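Chemist: need a structure here:
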Amino acid sequence: MTNLSSTASEALEADQTKTRAFSDGLEDVLARSANHNDVGDEGEEAEFEGGYERTVIILFPQDAGDVHDISSLTVSVCDILTWFAAHNEAERERIIQLRDDFYGGDSEFDRGYEIEPSRVLLTAEQRAEARVSRAETRARRAAMRVKWKIDDHEAHIREIAVWVPFLEEKASLEAEREMHWDRADALDAEWDAFVIKWKSCKHPDEKAKAAEHAALEAKGEALIRDQEDWEERWSELQDKAWQEFAPSRAETPGLGAGAHH
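Modeler: This next block holds a predicted model:
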């Protein structure tokens, strides 16, 4: 930007100073977040031994900064996991447990957000030009959104049509998969009990401990074998379903010839 008046130059310098200060402050925050395990009583065992980031920085494209005067947004991982759990029922319980164990509100970085303004100082006219330029692409972007919705709808219809002749086999395999998940959860609980039991023993019976450990390992190996066998049978059923569906889909109105995933 050239031919700035002294007032504009001062404003630009002030804005840049403010931006640098904000950036430095944000870096300090993230540095403290990465090293929060340094805080605490020396006599207590460090709860956050490895150290990990508790925030995520979303960097927006320059155009977004020009239009909305925001260059980045810092969000807590706690808030992201809370949102994800609310919108993903199948993974909700596991995600909530992960959040509570590692991002459960015991740090100042587990809450709130920070917005960093654009680093580029634009005039009112330049911001207007950016807004108008973005608005000119609105129709194309709207058309793309419609296309994606149609594609998703057609893919959903194809998925239903593919499985119609194999619903009983599919339901049987899905029930078996649920059983494997239940076995995995039960095995996790047994491992937890094993660790708690032997961790509390001052003079453990090493032979008994080794035998119990071997039994749990054997259960895990058996579960893995069963899961691998299930994966193979599931893959075979998918291939069979799509192979039977392929010859007819081109003749079925509305289904088209889209590839499956």
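Chemist: Tell me the buried residues in stretch 95-102?
Modeler: By neighbour count, with 16 or more other CB atoms under 10 Å as the criterion, the buried positions of stretch 95-102 are I95, I96, L98, R99, F102. Just so you know, the C-beta spots here come from the backbone N, C-alpha and C atoms, and that holds for glycine as well.
Chemist: Wait, the first one touches A85, no?
Modeler: Yes: here I95 reaches A85: they are 4.3 Å apart, a contact under CB atoms under 8 Å.
Chemist: re the thing from before, could you dump the buried residues of stretch 95-102 to CSV with distance to G51?
Modeler: What follows is those, written out as CSV (distance: CB to CB, whole Å):
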residue, distance to G51
I95, 22
I96, 23
L98, 17
R99, 18
F102, 12
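Chemist: Which of these fall in helices?
Modeler: Helix and strand membership here follows DSSP state H; of the buried residues of stretch 95-102, those in helices are I95, I96, L98, R99, F102.
Chemist: Nearest to D79 among the buried residues of stretch 95-102?
Modeler: Within the buried residues of stretch 95-102, distances to D79 taken as CB to CB reach their minimum at R99, with 9.5 Å.
Chemist: what sits against the closest one?
Modeler: If a contact means CB atoms under 8 Å, 6 or more residues apart in numbering, then R99 has V77, C78, L81, T82, A85 as its contacts.
Chemist: Separate out the buried members of those residues.
Modeler: Under a neighbour-count criterion of 16+ other CB under 10 Å, the subset of these counted as buried comprises V77, C78, L81, A85.
Chemist: Can you tell me which of these is closest to D205?
Modeler: Comparing those against D205 with CB to CB picks out L81 as the nearest, at 41.1 Å.
Chemist: thought the closest one was touching G105?
Modeler: No: taking contact to mean CB under 8 Å, the distance of 11.5 Å between L81 and G105 leaves them out of contact.
Chemist: could the ones in helices among the buried residues of stretch 95-102 be laid out in JSON lines, adding pLDDT and distance to E89?
Modeler: Below are these laid out as JSON lines (pLDDT from 0 to 100; distance: CB to CB, whole Å):
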{"residue": "I95", "pLDDT": "96", "distance to E89": "10"}
{"residue": "I96", "pLDDT": "97", "distance to E89": "11"}
{"residue": "L98", "pLDDT": "96", "distance to E89": "16"}
{"residue": "R99", "pLDDT": "96", "distance to E89": "16"}
{"residue": "F102", "pLDDT": "93", "distance to E89": "21"}
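Chemist: Among the contacts of R99, name the ones in helices.
Modeler: Where the contacts of R99 overlap with helices, as defined by DSSP H, the overlap consists of V77, C78, L81, T82, A85.
Chemist: could I get the residues you listed as TSV with pLDDT?
Modeler: Formatted as TSV, the entries for those read as follows, by pLDDT from 0 to 100:
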residue	pLDDT
V77	94
C78	95
L81	96
T82	95
A85	97
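Chemist: Let me see the contact set for A241.
Modeler: By CB under 8 Å, 6+ apart, A241 lies in contact with V162, W163, P165, F166.
Chemist: The last one contacts Q238, correct?
Modeler: Read that as F166. No: between F166 and Q238 there is no contact under CB under 8 Å: 9.2 Å.
Chemist: Could you pull up the mean pLDDT of the host helix or strand of R225?
Modeler: Remark: R225 resides in helix 206-249, with elements defined by DSSP states H and E. Mean pLDDT, helix 206-249: 93.
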